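Chemist: Give me coordinates for this.
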Amino acid sequence: MDLMKSVLASTFGMRAQGERMRVISENLANADSTAKDAESDPYRRKVVTFRNELDRAMETRLVKVAKVGFDRSEFQLRHMPGHPAADANGYVRMPNVNALIELADMREAQRSYEANMAAIDAAKGMISKTIDLLR
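Modeler: Purely as a prediction, here's the structure:
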């Protein structure tokens, strides 16, 4: 049944966006964390990569999280001479997390999650109407 395929695809989309929201939340929570000392690295931003997968039993393409990787961009430097993680010049390496980018990504993931939820609701409504017509 094609409606069940759409519900399945939307369910997997919601799972993928939920994982993306979890990673974004972790990034935001660690946006101001620093390293313990000058030699170690601070928190490194995580990014989610998706993959398209074919469910052969249902003959439906599904989205899944391929991996959660690390953003290899440079760390930010902040001048804080008294900090225990400061280098010889008084700079502390801060995480490569930009809160504005994370909030934009979070909004995008939220909209995608809501779109998948609306698709499930529409499919449920169509299934319900079909059952009513068959009575």
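
Chemist: Surely M14 is in contact with M117?
Modeler: Yes - at 6.7 Å, M14 counts as touching M117 under the criterion of Cβ atoms under 8 Å. C-beta here means a position set from N, CA and C on the backbone, and glycine is covered the same way.

Chemist: and the most centrally placed residue in the chain, what does it touch?
Modeler: Among the residues of the chain, the one closest to the centroid is R20, at 1.5 Å (Cα atoms, centre = their mean). Neighbour list for R20: V48, V65, D105, A109 [criterion: Cβ atoms under 8 Å, 6 or more residues apart in numbering].

Chemist: do the same with S112
Modeler: G13, Q17.

Chemist: just the one 4 residues further on next, same as before
Modeler: With contact set as Cβ under 8 Å, 6+ apart, N116 has these partners: S10, T11, G13, M14, Q17.

Chemist: Could you find the closest non-adjacent residue to R45?
Modeler: Leaving aside its sequence neighbours, R45 sits nearest to D71 (Cβ to Cβ, 6 or more residues apart in numbering; 4.0 Å).

Chemist: With E59 instead?
Modeler: E59 sits nearest to K5 (Cβ to Cβ, 6+ apart), 7.5 Å away.

Chemist: neighbours of that neighbour, just the number please.
Modeler: Using other Cβ atoms under 10 Å, K5 has 16 other residues around it.

Chemist: Ok, R78 next?
Modeler: With other Cβ under 10 Å as criterion, R78 counts 14.

Chemist: Good, we can wrap up now.
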